[in-house]
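Enquirer: would you be able to build a 3D model of this:
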Amino acid sequence: MSGIAAIAWQDSQEAACAASSDLDLLLAALAHRGTPARSPVLSRTGNATAQPAGRGAVLGAALQSLTPESAGEVQPITDPASGCVLVWDGRLDNRAELLAQMSAHGNGAPRLAPSASDAQIVLHSYLQSGEDCAGRLLGDFAFALWDPRAQRLFAARDFLGVRPLFYSCCDGRIFLASEIQALLRLTQIPREFDEVSVSEALLWWTGFPDVERTFHSAIRRLPPAHALTWDALGLALRRYWQIEPRRVLRYPRHQDYADHLGALLTEAVSCRLRSAKPAGIFLSGGLDSSAVALVAARHPGPCPGLHSIHLQLTDENDEIELARLVARQGGIPFHHQPLPAGDVLPEVEEIIRTTGLPFTKLDLGNDRLLVEMAREQGCAVILTGDASDELSGHPGAFVADLIRHARIRKMVRDLPTYAKYFDGTLSLAFREAMPYLAPRPALRLWRGLKWRRAPAWIHPDLARRTHLAERMRSVRPRLPFEALSTEEDFHSLTRGRRVLMDEWRDLVASRQGLDYWKPFYDRRLVEYMMAVPWEEKVVDGRFKSLLREIPGLLPEPLRNLRRKANYDPYYSALPRKQHWNSWRPLFDNPPETAANFLDLRAAREVSRAFLDRADWSQQNLFLHLGGFLLWLRSQSQVKL
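Expert: Here you go, the predicted model:
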């Protein structure tokens, strides 16, 4: 976890003179991510100049050294021969491969030592391959590079967008930073809200399909798997990676798929244990985090210590005994606390203020509690089992695949066990499959009937300006995957909401000095699982069959786990313990800007129905609208 910032300008003496102080503001806002350091103002030649003129740039980083190779590293780093300057936030997972390519290329550049930092390898990869280097990098990263030879700023973000990067273009300048809140420190960046993103947030179930948008119209997100260039021709974005949807692997035996997954998971975990500080593992006791923990215990690499972190349920579905079993088998210290069970609204309010994002759930504080527990054990990185669900065959779409391919025998054999794992019935499984089997025109017709207008709590003028009803009725285009379940997995993994929630978690963790390193986000593992035949992912009704069948990894109780943990009792009880009346003033006296987005009459009716008439069907909507009003209040400095 580091932070990066960059400013470049086009032929403006005034912009060049202001760049130094502007960069200082950006780095001050990123100081919780690491120790700030910066380049001098760079001229056309790439050299520092006391009186800058013409086109140029300035770059800086708030650096936290997490890998052994980055110990003592100072950023920005510069190539003396070319004048290229780079700032880097990330972890490079194919170091050996890139070093071998550079050695074989023989372009006369000095050969890098195996102990070279990730940033040095990336800079040399750019010098060798130019902008094509982004597609060759494996790992979690965001970087910015100034090339004085082309008078160009080049930036890129990893393929799933694990590391954040945002930008704003105005008045012949571009500003980049790891956080939106940093860019908002600059007075020259307009503060207006992005109405399309705000309207999506007010739906709360949306997938945020336009991932480039943020909640501020002048600030954009560099999308995952994209690179950015900014030069005399202006701004250009291009995708450097995309999945091959028609690729399907065919192995002789089912076990071959499990063996291959085991090898890739081992590599992914090992890469994420290249840490100079202890690592925490969020160990729920489920299949995914347990697999990560046991692989980590076998292959700790240079990581000086492992700790397992668990939040404990208090009902009969508690997974703590499975988590303890895994920790004992792996020899990993086990730390646990009960899930928060009291009034969590004050913490929800604080998290909305500190992250600057309008996301509201009662369990927002659980992530922060896990991060704080890891920090108390001296951890600097956190491993999770996130994204394994998205690689294992979406349940409803998997049933649709069985029907679509007329796998009657497999349906009869697998579905009862499969439905039981998700605590459902056969009839529910078939109902959830229907939307995936419906023809596209039928889906459009159904959505058109369901969403004739935007929801009542959204201001009708906002809905009209942003074409909200039309967007709600839209049906995303199909991708040519062999299976509906693989297509749905890919959509779930790459949708905008996941990117935003990962950015939210990054903000929470970075303020505690920690970084998320997620093995199932490994590009090699993702590409492999998207190419595994859909029917190999569920065998004998067992969800995540391949993970269960990695030889010698999971203990018997987990390999034979027949039911997913049920958190419903916890989430049903938690709302009853909140001091909901503390949010009444938000609806009675909302922020002035609320009238631009909400139908205040409808919003107040939601409040009265829930608080005065105890209509619990309005609880989720009350929570969502209250969180949105809190966010508006926290953004009171933003002018419309």
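Enquirer: contacts, neighbours, all on C-alpha from now
Expert: OK.
Enquirer: touching, Pro302 and Ser270? I think so.
Expert: No. Using CA atoms under 8 Å, Pro302 is not in contact with Ser270; the gap is 9.3 Å.
Enquirer: tell me where the stretch 101-250 of the chain has helices.
Expert: 118-129, 180-183, 195-203 (DSSP state H, counting those that start in this stretch).
Enquirer: want to try TSV for the ones you listed, with mean pLDDT, mean neighbour count and distance to Ser290 as columns?
Expert: Below are the helices of the stretch 101-250 of the chain laid out as TSV (pLDDT from 0 to 100; neighbours: other CA atoms under 10 Å; distance: least, CA to CA, whole Å):
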stretch	mean pLDDT	mean neighbour count	distance to Ser290
helix 118-129	95	20	29
helix 180-183	96	21	34
helix 195-203	94	20	34
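Enquirer: between these, which gets nearest to Ala62?
Expert: helix 180-183 (12.0 Å; CA to CA).
Enquirer: let me see the domain layout of the protein.
Expert: 3-184+219-239, 254-390+496-570, 396-485, 571-634 (automatic domain parsing).
Enquirer: can you tell which of those domains is closest to Ala201?
Expert: Across the domains of the chain, closest to Ala201 is domain 254-390+496-570 (CA to CA), at 7.2 Å.
Enquirer: just the endpoints, please. Distance across that closest one?
Expert: 38 Å (CA to CA, to the nearest Å).
Enquirer: please apply the same query to stretch 593-607.
Expert: Per CA to CA, stretch 593-607 runs 18 Å from first to last residue.
Enquirer: just the residues contacting it, thanks.
Expert: 198-199, 456-460, 462, 584, 587-588, 618, 621-622, 625, 629, 632, 640 (CA atoms under 8 Å, 6 or more residues apart in numbering).
Enquirer: buried sites along it?
Expert: 593-594, 597-600, 603-607 (16 or more other CA atoms under 10 Å).
Enquirer: helices - which of the contacts of stretch 593-607 land there?
Expert: Using DSSP state H, the members of those that fall within helices are 198-199, 460, 462, 584, 587-588, 621-622, 625, 629, 632.
Enquirer: write the PyMOL selection for whichever of the residues you listed are buried.
Expert: With 16+ other CA under 10 Å as the criterion, this PyMOL line picks the buried residues out of the ones in helices among the contacts of stretch 593-607:
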select buried, resi 198+199+460+462+584+587+621+622+625+629+632
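Enquirer: can I get the ones in helices among the contacts of stretch 593-607 in JSON lines including distance to Gln242?
Expert: Shown next, in JSON lines, are those (distance: CA to CA, whole Å):
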{"residue": "Val198", "distance to Gln242": "28"}
{"residue": "Ser199", "distance to Gln242": "29"}
{"residue": "Pro460", "distance to Gln242": "38"}
{"residue": "Leu462", "distance to Gln242": "34"}
{"residue": "Arg584", "distance to Gln242": "47"}
{"residue": "Phe587", "distance to Gln242": "45"}
{"residue": "Asp588", "distance to Gln242": "48"}
{"residue": "Leu621", "distance to Gln242": "37"}
{"residue": "Phe622", "distance to Gln242": "39"}
{"residue": "Leu625", "distance to Gln242": "36"}
{"residue": "Leu629", "distance to Gln242": "38"}
{"residue": "Leu632", "distance to Gln242": "36"}
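Enquirer: which of the ones in helices among the contacts of stretch 593-607 sits closest to Gln181?
Expert: Among those, and counting by CA to CA, the member closest to Gln181 is Leu632, at 14.4 Å.
Enquirer: list the contacts for the closest one?
Expert: 591, 593-594.
Enquirer: and it, how far is that from Ile408?
Expert: Applying CA to CA to Leu632 and Ile408 gives a distance of 53 Å.
Enquirer: thinking again about what came up before, Pro302 and Ser270 - which one has more neighbours?
Expert: Neighbour count, other CA atoms under 10 Å: between Pro302 and Ser270, Ser270 has more, with 22 against 15.
Enquirer: please name the nearest non-neighbouring residue to that one.
Expert: Leaving aside its chain neighbours, Ser270 sits nearest to His299 (6.1 Å; criterion: CA to CA, 6 or more residues apart in numbering).
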